[in-house]
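Trainee: Output the structure for:
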Amino acid sequence: MDGPRTANDNDLIVDLKSVAPRPLLSQTAERRLGARHKEVLDRLEDLLLTDGFARFTITDLAAGVSCSRRTLYEIAASKEQLVLVVLDRYLHRKGRAALAAIDANQTTVEQLRMYITTGGIGPHLQNTVYDDLIEEPAARRLLDQHYRFTMTVVERLLERGMNNGELRRLNPSVVAASVAGAALYLSQPDVVDDIGEDRSDITAAMLDYLLPSLAATEQL
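Mentor: Residues are numbered from 1 along each chain as shown. Coordinates of the predicted model:
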């Protein structure tokens, strides 16, 4: 059965946005940046999320995106902080897009599928970036902070589905950990390579397996 849709569904999305991690570079601060600085941030994202960041110096980064060292220092005080700003900005953009894809008029299962498949869990990072994260505790903590938020999103959606009778009564924290954990694991580049299928197809297959098991008894 489809649970009744109410105004509370929209309230849930608003509430989720309110508990999201605070950006290192706030949207207000980013709006105050000049067009050149925003262009540099976009180019840094392309560079760092493709080639990693451990091997680069601030001079290398400036050369890689065709700007001065001064321009980079106007964005962040150090290379380490610059990497965090770029990674955090990317994760926030992906997270906002995933939340925006949640339609309050959809069933909970549809909402979960849409949130996960639009990048709410398992950011598309290259092997080089994952390798560098091993050596960078601050970057790992940042990624973990965003991952924990995605767990919160999944858990809240599950709770809503259980409360309106769409989903079976289970421990939402355990289910969220299972769904989000599987999605995160399957998004890692080496796992994708081992399976030998497109990342989106792998995610879809995982959801086809997991989500039907959550349906309320009368839907099974």
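Trainee: Tell me which residues touch the residue nearest the centre of the chain, please.
Mentor: Nearest to the geometric centre of the chain sits Gly120, at 4.1 Å (Cα atoms, centre = their mean). Contact analysis of Gly120 by Cβ atoms under 8 Å, 6 or more residues apart in numbering lists 94-95, 98-99, 150, 153. Where C-beta positions appear, they are placed from N, C-alpha and C, glycine not excepted.
Trainee: How about Leu214?
Mentor: So Leu214 contacts 109, 158, 161, 167-168, 170, 175 (Cβ under 8 Å, 6+ apart).
Trainee: switch to 10 Å and redo it
Mentor: Contacts for Leu214 were tallied using Cβ atoms under 10 Å, 6 or more residues apart in numbering; they are 108-109, 112, 158, 161-162, 166-168, 170, 175, 179, 220.
Trainee: any weak-confidence spans in this structure?
Mentor: By pLDDT under 70, the weakly predicted segments of the chain are 1-10, 122, 217-220.
Trainee: what about 80?
Mentor: For the chain, the stretches with pLDDT under 80 are 1-18, 27, 119-126, 134, 217-220.
Trainee: mind listing what's buried in the longest helix belonging to it?
Mentor: What stands out as the longest helix in the chain, according to DSSP state H, is helix 137-163. Using 16 or more other Cβ atoms under 10 Å as the test for burial, helix 137-163 gives 139, 142-143, 146-147, 149-162.
Trainee: hmm, back to that, in a markdown table, list the contacts of Leu214 along with secondary structure and distance to Glu80.
Mentor: Converted to a markdown table, those look like this (DSSP: H, G, I helix; E, B strand; the rest coil; distance: Cβ to Cβ, whole Å):
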| residue | secondary structure | distance to Glu80 |
| --- | --- | --- |
| Thr108 | helix | 40 |
| Val109 | helix | 41 |
| Leu112 | helix | 35 |
| Leu158 | helix | 36 |
| Gly161 | helix | 41 |
| Met162 | helix | 42 |
| Glu166 | coil | 45 |
| Leu167 | strand | 42 |
| Arg168 | coil | 45 |
| Leu170 | coil | 41 |
| Val175 | helix | 36 |
| Val179 | helix | 33 |
| Leu220 | coil | 51 |
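Trainee: Many thanks, have a good one.
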